[in-house]
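*Asks:* test case, fold it:
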Amino acid sequence: MPSALILASASPFRRSLLENAGVTFTWEAAEIDERGVEEPLYRDGASPEEIALHLARAKAFDVSSRHSGAIVIGSDQTMSLGERVFHKPIDLDEARRHLEALSGKVHQLNSAIALVRDGAVVFETVVSARLAVRDLSPAFIETYLSATGPRILKSVGAYQLEAEGVQLFEAIDGDYFTIIGLPLLPLLAALRKEGLLDA
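*Replies:* From the prediction side, this is the model:
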């Protein structure tokens, strides 16, 4: 009988991606201090991709420790502009500063997944997407923030590509699933290899 599959996330977006793909799973939020996990990585000069993967592993290990035999999907995403890593804005003023920093530049979303069973990694990967933000006028930024309001604070880049956020961009190089935060195609391939999906 196949192992149970658990998503170590409370993200409705990640759950929806798996549900829409026809994957049977349960979910449980990981109990980790993300900023505490990141701190030594920053000190050691870890790349944004390495930070995303480390966080995905930490989430999967945490949930795996409570579910013997289950395969746990850990996932995380970092947003980077060069070596600068962004976090979710704490208020609309910080969201405005994020948008001003991204205006006219290409930034990267780094989405990591780690599959863990009984404390051992059975698969992991990081997939990145590059997003070119058009030049944003101060007037547009104000109109955009007024339209989106506090819900935009749930997104690291102060945008949701599936909503008004698509208006920020002039070009995108990467797949939708990576941008949402769960690289679905490599994940599905790994689940088939582990016998959790029909091959």
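*Asks:* any idea how far A4 is from R117?
*Replies:* 10 Å (C-beta to C-beta, to the nearest Å). From N, CA and C alone the C-beta is placed, and that goes for glycine too.
*Asks:* overlap of the contact sets of the two?
*Replies:* Counting by C-beta atoms under 8 Å, 6 or more residues apart in numbering, the common neighbours of A4 and R117 are G69, A70, I71.
*Asks:* what about the helices in the chain?
*Replies:* Under the criterion DSSP state H, the chain contains helices at 12-20, 34-43, 48-64, 92-102, 138-148, 176-180, 184-193.
*Asks:* list the buried residues in the fourth one.
*Replies:* Same thing as helix 92-102. Residues of helix 92-102 classed as buried under the neighbour-count rule (16 or more other C-beta atoms under 10 Å) are L92, A95, R96, H98, L99, L102.
*Asks:* my read: the third one touches I141, true?
*Replies:* Yes: taking C-beta atoms under 8 Å as the contact criterion, R96 and I141 are neighbours in contact, 6.0 Å apart.
*Asks:* A4 and R117: which has the busier surroundings?
*Replies:* Shown here are A4 and R117; by other C-beta atoms under 10 Å, R117 has more neighbours (18 against 15).
*Asks:* with just CA atoms, put the helix or strand of the chain with the lowest mean pLDDT into PDB.
*Replies:* Sorted by mean pLDDT, DSSP states H and E, the helices and strands of the chain end with helix 34-43, the least confident at a mean of 86. Output in PDB follows, covering the C-alpha atoms of helix 34-43 (Å, rounded to 0.1, in the frame of the first residue of the first chain):
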ATOM      1  CA  GLU A  34      11.500  30.700   9.400                       C
ATOM      2  CA  ARG A  35      13.400  33.800  10.200                       C
ATOM      3  CA  GLY A  36      15.400  31.900  12.800                       C
ATOM      4  CA  VAL A  37      16.200  29.200  10.200                       C
ATOM      5  CA  GLU A  38      17.300  31.900   7.700                       C
ATOM      6  CA  GLU A  39      19.500  34.000  10.000                       C
ATOM      7  CA  PRO A  40      22.600  31.700  10.000                       C
ATOM      8  CA  LEU A  41      22.200  31.100   6.300                       C
ATOM      9  CA  TYR A  42      22.400  34.800   5.600                       C
ATOM     10  CA  ARG A  43      25.500  35.100   7.800                       C
END
